[in-house]
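1. Here is a sequence with its predicted model. Questions after.
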Amino acid sequence: MKKVRERVFVYGSGARDHCLCEEYAESSHVEKVFFVPGNPGVNYTHKGKKGIIKQIPIKDFDEIAKFCKENDVNLVDVGSENPLDEGLVDVLTGAGISCIGPKKEYVRLENDREFTDKLLTKVGKEKFGYEYAIKPEWKSFTNPEEAKKYVKEIGYQVVVKANGLAKGKGAIVCNDVDDAIEAIDTIMIKRKFGKSGDKVIIEERKYGKEISFFAYLDGENVLPLRMFAQDYKPAFDPENILEIFYHHYGRETSGKKLSGIRRGLQETGIRCPDNLEQMTEKQRDEFLISKLEEKNIKLINSNTGGTGCYCPHREASPHLINTIIRKIVNPVVDEIYYELGWKYKGVLYFGLNRDPDGNLSVFEINVRHGDPEAEVILRKFQVDFYELGTAVLEGTLDSFKPRWNPNYYVDIIAMVGKGKDKKGAWYPGYPERYGKGYKIGGIEEVNEKGVTIFYSGVDIDAEKGLVTKGGRVLHIVASSSNSLSEAVEKAYRNIEKIKFIDHNNNNENCMRYRRTIGRD
């Protein structure tokens with residue numbers, strides 16, 4: 001008797017969602033994966049060309065439910081936070097379609113930081129006897145002036161966070177009181193993140209290593225993944241102070257006033273040289289570096305949705321994994337199941353910090369896979385992903401046994417950097433304003449064994465072919481069975497083959513990426 005092959009539907013459009021499609025497509029149970037609304041980059045992949053993964057550009061939830069019924073879809077996995085927040089799982093389950101992902105009510109864990117921080121504070125106090133066992137000190141504000149008064153009084157460095165969804169960019173890490181006040185203005189007055197800025201969370205800043213830890217829930221059981229990654233959220237390599245300066249103030253290479261550079265010098269307290277306009281670009285760079293370092297200037301390194309990651313984490317150990325599960329994952333899941341009474345089916349992402357003394361704290365919980373963490377963790381996950389999804393739906397995670405391959409993985413993200421618009425004005429680049437429609441060159445040259453491209457912010461142009469559309473465009477994921485350093489070098493060797501061609505700037509390459517992913 002011929003084995004029945006299933007059809008899977010992944011909702012999302014980024015690299016994480018593309019990765020989910022690839023994982024499901026590798027299952028022996030799966031015939032086809034629909035990527036909805038998807039992105040056209042998948043058509044450049046082996047499985048896309050063979051029709052195993054197919055992009056379906058529809059967004060209306062009722063149309064999605066209709067499509068799933070008409071095309072005999074057996075399982076839907078909602079990869080992204082916005083459709084979860086908008087209630088896609090509620091619509092699909094209401095139509096009788098099996099769906100992985102939390103109901104709209106449960107998305108509160110991600111879209112309401114204050115709610116989650118209260119939950120974490122309660123768990124820490126009840127389980128471990130003191131209030132901030134797993135949550136740094138924090139306070140919420142709806143009045144920006146009260147928030148500013150608070151940061152002036154407390155005397156320690158903080159992170160200012162928009163309370164709601166902000167595409168991974170709503171946490172602003174502050175070096176001093178002035179930075180914190182500026183962050184409050186950015187979120188609450190300038191409304192950079194819209195309604196998510198109705199309230200801010202001001203949280204004690206922690207130093208250490210980030211840990212991204214996943215757990216699957218099936219409504220009754222929890223399966224913590226005994227493997228974790230390190231994410232890199234800052235937009236730039238921290239030691240590259242010149243790049244951070246130019247990102248904040250602009251990098252005019254001509255013109256009479258060099259107004260952005262002059263403003264930056266004034267705000268950082270550096271005396272502007274009389275011959276600034278006569279300096280070559282190299283001379284200006286050297287001057288700025290020397291003065292910024294001399295005065296030990298600290299500029300905000302903007303947070304992003306992630307600039308890269310690697311797995312397994314250097315600090316991973318059986319003891320640390322057991323501690324995370326015992327102290328954080330299990331108590332939080334118990335609160336979800338038994339106190340809130342939620343039948344949560346899907347993924348929980350724990351964003352953790354481990355300080356130099358080894359203490360753990362939670363800075364966020366998300367209700368879906370992390371991006372870019374999924375692109376390395378799921379690659380290392382040596383299981384049939386459809387069988388895992390079925391266990392989540394059927395409530396049988398207690399008998400599911402995860403396995404891991406021995407490889408090291410690194411993901412480096414190709415982002416849109418400084419580029420020009422049609423009138424010749426500069427875009428600073430992601431995570432701020434960035435240009436679109438830059439032709440992507442060199443994709444066909446990335447063909448080394450152990451290297452995969454996951455597509456994110458891309459589009460198709462009738463004349464140029466594959467072009468940029470978003471700020472994070474491509475994820476270059478490399479693996480090695482020998483060492484992390486070998487995987488890192490392989491990833492960098494291949495990302496260097498790719499260009500984003502700025503047609504408004506003499507076809508210069510406007511692609512940008514961090515150069516220390518997996519190296520520090």
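-> Structure received.
2. what comes up buried for stretch 192-208?
-> Across stretch 192-208, burial judged by 16 or more other CB atoms under 10 Å covers 192-193, 196-197, 199-206, 208. From N, CA and C alone the C-beta is placed, and that goes for glycine too.
3. With stretch 50-65 instead?
-> Buried residues in stretch 50-65 (16+ other CB under 10 Å): 52, 53, 54, 55, 61, 64, 65.
4. Extract the C-alpha set from the helix or strand containing residue 477 and format it as PDB.
-> Assigned by DSSP states H and E, residue 477 belongs to strand 472-480. This file holds the C-alpha atoms of strand 472-480, laid out as PDB (Å, rounded to 0.1, in the frame of the first residue of the first chain):
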ATOM      1  CA  ARG A 472      17.400  42.000   6.500                       C
ATOM      2  CA  VAL A 473      17.600  40.400   3.100                       C
ATOM      3  CA  LEU A 474      19.500  37.100   3.100                       C
ATOM      4  CA  HIS A 475      20.700  34.600   5.800                       C
ATOM      5  CA  ILE A 476      23.900  32.800   4.900                       C
ATOM      6  CA  VAL A 477      24.000  29.700   7.100                       C
ATOM      7  CA  ALA A 478      27.100  27.600   7.100                       C
ATOM      8  CA  SER A 479      27.900  24.300   8.800                       C
ATOM      9  CA  SER A 480      31.000  22.400   9.800                       C
END
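5. Is it correct that residue 394 is in contact with residue 219?
-> No - if you go by CB atoms under 8 Å, residue 394 and residue 219 don't touch, sitting 9.7 Å apart.
6. So for the two, which residue has more residues nearby?
-> For residue 394 and residue 219, the more surrounded residue by other CB atoms under 10 Å is residue 219, and the numbers stand at 16 against 12.
7. correct me, but residue 83 touches residue 10?
-> No - if you go by CB under 8 Å, residue 83 and residue 10 don't touch, sitting 11.1 Å apart.
8. These two: who's more crowded?
-> Set side by side, residue 83 and residue 10 show more neighbours around residue 10, with 28 against 24, by other CB under 10 Å.
9. quick one: contacts for the more buried one?
-> When contacts are counted by CB atoms under 8 Å, 6 or more residues apart in numbering, residue 10 touches 17, 20, 21, 24, 33, 34, 35, 36, 76, 77, 79.
10. Tell me which of the residues you listed fall in helices.
-> 17, 20, 21, 24 (DSSP state H).
11. could I get the contacts of residue 10 as CSV with neighbour count, distance to residue 314 and pLDDT?
-> Shown next, in CSV, are those (neighbours: other CB atoms under 10 Å; distance: CB to CB, whole Å; pLDDT from 0 to 100):
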residue, neighbour count, distance to residue 314, pLDDT
17, 28, 28, 97
20, 29, 26, 98
21, 31, 29, 98
24, 28, 30, 97
33, 30, 33, 98
34, 23, 37, 98
35, 30, 33, 98
36, 26, 37, 97
76, 25, 36, 97
77, 27, 30, 97
79, 25, 27, 89
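12. Can you tell me which of the residues you listed is nearest residue 484?
-> residue 20 (24.0 Å; CB to CB).
13. so how far is residue 223 from the closest residue to residue 137 other than its chain neighbours?
-> Distances taken as CB to CB, 6 or more residues apart in numbering place residue 204 nearest to residue 137, at 4.5 Å, with adjacent residues excluded. Note on residue 204: its distance to residue 223, by CB to CB, to the nearest Å, is 31 Å.
14. Could you do residue 178 as well?
-> Between residue 178 and residue 223 the computed distance is 45 Å (CB to CB).
15. more neighbours, those two?
-> Higher neighbour count among residue 178 and residue 223: residue 223, with 20 against 11, using other CB under 10 Å.
16. okay, now the residue lying closest to residue 312 once chain neighbours are set aside: neighbour count?
-> Among residues not flanking residue 312 along the chain, residue 227 sits closest, at 5.9 Å (CB to CB, 6+ apart). Neighbours of residue 227 under the rule other CB under 10 Å: 18.
17. Same check on residue 503?
-> 17.
18. OK, contacts around it?
-> The contact partners of residue 503, by CB under 8 Å, 6+ apart, come to 437, 438, 439.
19. from these, which ones fall inside strands?
-> residue 439 (DSSP state E).
20. Return the member of the contacts of residue 503 nearest to residue 279.
-> Residue 279 has its nearest neighbour among these in residue 438, at 29.4 Å by CB to CB.
21. Local confidence estimate at that closest one?
-> pLDDT recorded at residue 438 is 96.
22. Check the gap between it and residue 491 for me.
-> In terms of CB to CB, residue 438 sits 21 Å off from residue 491.
23. Equivalent analysis for residue 141, please.
-> Taken as CB to CB, the span from residue 141 to residue 491 is 41 Å.
24. do the same with residue 242
-> Taken as CB to CB, the span from residue 242 to residue 491 is 24 Å.
25. which one of the two has more residues nearby?
-> Comparing residue 242 with residue 491 by other CB under 10 Å, the one with more neighbours is residue 491, at 28 against 17.
26. angle of the one helix or strand the more buried one maps to against strand 472-480?
-> Under the criterion of DSSP H and E, residue 491 resides in helix 484-495. Between helix 484-495 and strand 472-480, the angle comes out at 140 degrees (axes from the mean of the first three to the mean of the last three CA atoms, to 10 degrees).
27. Sort out which residues of helix 484-495 are buried, please.
-> Within helix 484-495, the residues that count as buried by 16+ other CB under 10 Å are 484, 486, 487, 488, 489, 490, 491, 492, 494, 495.
28. right, and the helix or strand after that helix?
-> Downstream of helix 484-495, the next assigned helix or strand under DSSP H and E is strand 499-502.
29. Tell me the helix or strand right after that next one.
-> Using DSSP H and E, the next helix or strand after strand 499-502 towards the C-terminus is strand 508-509.
30. who does whichever helix or strand comes after that following strand touch, helix- and strand-wise?
-> The helix or strand immediately downstream of strand 508-509 is strand 511-512, counting by DSSP H and E. If contacts are counted by 3 or more CB pairs under 8 Å, 6 or more residues apart in numbering; DSSP states H and E, strand 511-512 sits against strand 408-416.
31. Strand partners (parallel or antiparallel) of the helix or strand following the strand it packs on?
-> Reading on from strand 408-416 to the C-terminus, the next helix or strand found by DSSP H and E is strand 419-420. Sheet pairing of strand 419-420 (DSSP bridges) gives strand 426-427 (antiparallel).
32. May I see the buried residues of stretch 368-384?
-> Going by neighbour count (16+ other CB under 10 Å), the buried part of stretch 368-384 is 368-381, 383-384.
33. Would you tell me which strand is longest in this structure?
-> Secondary structure of the chain per DSSP E: the longest strand is strand 222-234.
34. I'd like to know which elements that one is packed against.
-> strand 209-218, strand 303-311, helix 318-324, helix 330-334, helix 373-380.
35. need the ones you listed in a markdown table with distance to residue 360 and mean pLDDT, can you?
-> Conversion of the helices and strands packed on strand 222-234 to a markdown table gives the following (distance: least, CB to CB, whole Å; pLDDT from 0 to 100):
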| stretch | distance to residue 360 | mean pLDDT |
| --- | --- | --- |
| strand 209-218 | 8 | 95 |
| strand 303-311 | 18 | 94 |
| helix 318-324 | 7 | 94 |
| helix 330-334 | 12 | 95 |
| helix 373-380 | 17 | 96 |
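36. wouldn't residue 366 be in contact with residue 349 here?
-> Yes - using CB under 8 Å, residue 366 is in contact with residue 349, at 4.0 Å.
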